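Participant: Coordinates for the following, if possible.
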Amino acid sequence: MYKRYAVIPSNGRDCLHQCVAAIEEQVDQVIVVDTSIHTPHIYSGNPKVRVLGVSGRINISRWWNIGLNYAEGLAEEATAETWDVAILNDDAIVPYGWFKEVSDMMSYRGSAAGCSGGHNITWDSPSPVPLDMRMQGFAFIVAGQFGLRANEDLRWYFTDDYIDWESRKLGGMTMVKGYPVDHLHPNGQVTSEIQEIIAHDAEVFVSIYESRPW
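Facilitator: As a prediction, the model looks like this:
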């Protein structure tokens, strides 16, 4: 059995509705990792959407891992042999057929992660690549059976680069040409606190790989 899930961390921005609506019919379950107090009431009548409330400091890696762990539990409950999990920013609006196209190509190439973009390519070495060929951090998929998780020492930027580079070690990161994702608010939540986190994350990433990803 094969299952499909989506994980969306959100503080309840209005764009969350568009994000959920775009992915909902493409997966078996949407998991919203809620960092506010508002979201649970919005989806209380929708069995397709499960909301997990979280608290604590800003840490998108932790939010992703909470969703990934929950998805793994659902897959085990369903006795799924394989499962894929989309990780989406709440302002990422994926087109129809996006999940199937990306996950099918990941399966074909044995990749641990994938996204759509401007190229058909698979990377299998953790090293810098042209920016338009790196994993799209606002909308990507990981193959659940690899057990890939984010590094919670990276709290904001470089979180997706870590997933990208680690997935290359496990089997590859595949980009599928086409299926453009509408990213509504790039860098729309960069506060002074997040700028400090970004500087810290850069140091952590370099300490792991001895290189910046871009």
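Participant: Return the residues in contact with residue 148.
Facilitator: 68, 112-113, 142, 163, 166-167, 170 (C-beta atoms under 8 Å, 6 or more residues apart in numbering). Yep, even glycine has a C-beta here, placed from its N, CA and C like the rest.
Participant: out of these, which are inside helices?
Facilitator: 68, 163, 166-167, 170 (DSSP state H).
Participant: tell me, how many neighbours does residue 78 end up with?
Facilitator: 14 (other C-beta atoms under 10 Å).
Participant: okay, now the closest residue in space to it that isn't next to it in sequence: neighbour count?
Facilitator: Spatial nearest neighbour of residue 78, chain neighbours left out: residue 3 (5.7 Å); criterion: C-beta to C-beta, 6 or more residues apart in numbering. Residues near residue 3, counting by other C-beta under 10 Å, number 20.
Participant: gap between stretch 107-126 and the chain center?
Facilitator: 14 Å (C-alpha atoms, centre = their mean, to the nearest Å).
Participant: meant to ask about stretch 191-207
Facilitator: With C-alpha atoms, centre = their mean, you get 19 Å for stretch 191-207.
Participant: What of stretch 36-56?
Facilitator: 18 Å.
Participant: so what's the residue nearest to residue 78 up against?
Facilitator: If you count contacts by C-beta under 8 Å, 6+ apart, then residue 3 has 28-29, 74-75, 78, 80, 82-84 around it.
Participant: Can you list the strands that the strand or helix carrying it pairs with?
Facilitator: Using DSSP states H and E, residue 3 falls within strand 2-10. Partners of strand 2-10 in the sheet, by DSSP bridges, are strand 29-34 (parallel), strand 82-88 (parallel).
Participant: distance between the last one and the chain's centre?
Facilitator: Relative to its chain's centre, strand 82-88 lies at 8 Å (C-alpha atoms, centre = their mean).
Participant: Quick one: name whatever helix or strand follows that strand.
Facilitator: Immediately after strand 82-88, counting by DSSP H and E, sits strand 92-93.
Participant: I'd like the mean pLDDT over that next one, please.
Facilitator: Mean pLDDT, strand 92-93: 98.
Participant: what do you get for stretch 27-39?
Facilitator: Stretch 27-39 comes out at a mean pLDDT of 87.
Participant: residues in contact with it?
Facilitator: 3-12, 16, 20, 23-24, 40, 43, 48-55, 63-64, 66-67, 70-71, 74, 86, 99.
Participant: Same list (the strands paired with strand 2-10) but as CSV, adding distance to residue 197 and mean neighbour count.
Facilitator: Formatted as CSV, the strands paired with strand 2-10 follow (distance: least, C-beta to C-beta, whole Å; neighbours: other C-beta atoms under 10 Å):
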stretch, distance to residue 197, mean neighbour count
strand 29-34, 18, 24
strand 82-88, 19, 25
